[in-house]
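*Asks:* fold the stuff below for me.
(one chain, ligands or ions: 1)
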Amino acid sequence: MKNVIFIAPPAAGKGTQSQKLHEKYKYIHISTGDILRKAIKDKTQLGLQVKEIMSQGHFVSDDIMIALIKDTLTDINKPFILDGFPRTISQAKALTQIFNDLNIKDYCVIYLDVKEDIAMKRSLGRLVCPECNKTYNKYFSNLKPKVPNICDKCNSELISRSDDNEKSFKKRFENYLNEISSIIEYYKSLNILKEINAEKSDEEIFCDIIKELNEG
Ligand code: AMP
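*Replies:* Residues are numbered from 1 along each chain as shown. This is a model prediction of the structure:
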């Protein structure tokens with residue numbers, strides 16, 4: 001399978017679709033948000049550096065993010081999904097350079113398109129398992145956990161992300177809008193962009209993604 005790069009607004013469903021690809025095709029799921037949240041939880045130097053920035057919905061600097069992704073990709077030898085990177089045009093260009101350096105050729109960029117009001121509902125209702133990272137949503141019946149607030153998979157108590165509040169969501173969406181058009185133009189010019197309407201059900205979106213991956 002080819003490597004996948006998701007670009008999308010916050011709470012568009014990148015994490016959910018990545019989980020599905022991981023479960024069905026054993027993709028390695030590289031979520032920059034998850035890596036940073038783990039660094040915060042473990043109180044590493046990186047975690048201390050980014051904690052405040054993230055909770056306010058700001059972007060972590062390009063230098064930090066590019067170094068992080070370079071390190072992560074250097075050790076990967078299976079098909080992977082990039083979820084949350086690139087988020088700026090500088091990151092997108094740096095990623096092309098990293099792929100060239102690491103001789104990674106087979107990849108496509110999937111743009112999950114969703115409007116702000118739907119993304120906000122997904123963000124504000126999102127619940128996450130702090131142990132296995134599985135995500136749920138209290139506002140969508142098919143995404144609720146079987147037992148309220150408990151992870152179906154590992155029985156841990158679910159939490160809300162500190163940046164899933166209205167103020168932070170709006171900042172994240174604004175940051176996204178500032179960058180997305182140049183990223184889309186960039187990938188269109190490389191002829192590797194696939195656009196998917198992400199306002200449908202998870203299953204429908206997943207089918208569309210598989211179709212795109214199989215079409216080559
Ligand atoms: P996510 O889990 O993808 O929604 O990311 C959560 C937060 O992590 C973002 O709102 C940013 O603060 C930070 N972050 C994750 N990936 C990046 C990136 N590629 N560039 C800048 N900040 C990032």
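*Asks:* M1 touches K24, doesn't it?
*Replies:* No. Contact criterion Cβ atoms under 8 Å: M1 and K24 do not qualify, at 9.9 Å. To be clear about C-beta, it is placed using only N, CA and C from the backbone, and glycine gets the same treatment.
*Asks:* those two: which has the busier surroundings?
*Replies:* Ranked by neighbour count (other Cβ atoms under 10 Å), M1 and K24 place M1 first, with 16 against 11.
*Asks:* confidence score at the more buried one?
*Replies:* Note on M1: pLDDT of 85.
*Asks:* pick out the residue closest to the middle of this structure.
*Replies:* By Cα atoms, centre = their mean, the mean C-alpha position of the chain lies nearest to D83, the distance being 3.2 Å.
*Asks:* now that residue: how far from Q49?
*Replies:* Distance of D83 to Q49, given as Cβ to Cβ, to the nearest Å: 21 Å.
*Asks:* count of neighbours near the closest residue to T74 other than its chain neighbours?
*Replies:* Take T74 and drop its neighbours on the chain: the residue closest to it by Cβ to Cβ, 6 or more residues apart in numbering is L102, 6.7 Å away. By the criterion of other Cβ under 10 Å, L102 has 12 neighbours.
*Asks:* repeat for L21
*Replies:* If you count neighbours by other Cβ under 10 Å, L21 ends up with 24.
*Asks:* picking up where we left off before, pretty sure the residue nearest to T74 contacts D71?
*Replies:* No. Assessed by Cβ under 8 Å, L102 is found out of contact with D71, at 11.5 Å.
*Asks:* contacting residues for the residue nearest to the centre of the chain?
*Replies:* D83 makes contact with 6, 14-15, 18, 29-33, according to Cβ atoms under 8 Å, 6 or more residues apart in numbering.
*Asks:* again with I184
*Replies:* Per Cβ under 8 Å, 6+ apart, neighbours of I184: 7, 111, 193.
*Asks:* give me the distance from the host helix or strand of it to the chain's centre.
*Replies:* Per DSSP states H and E, I184 falls inside helix 166-189. Chain-centre distance of helix 166-189: 13 Å, with Cα atoms, centre = their mean, to the nearest Å.
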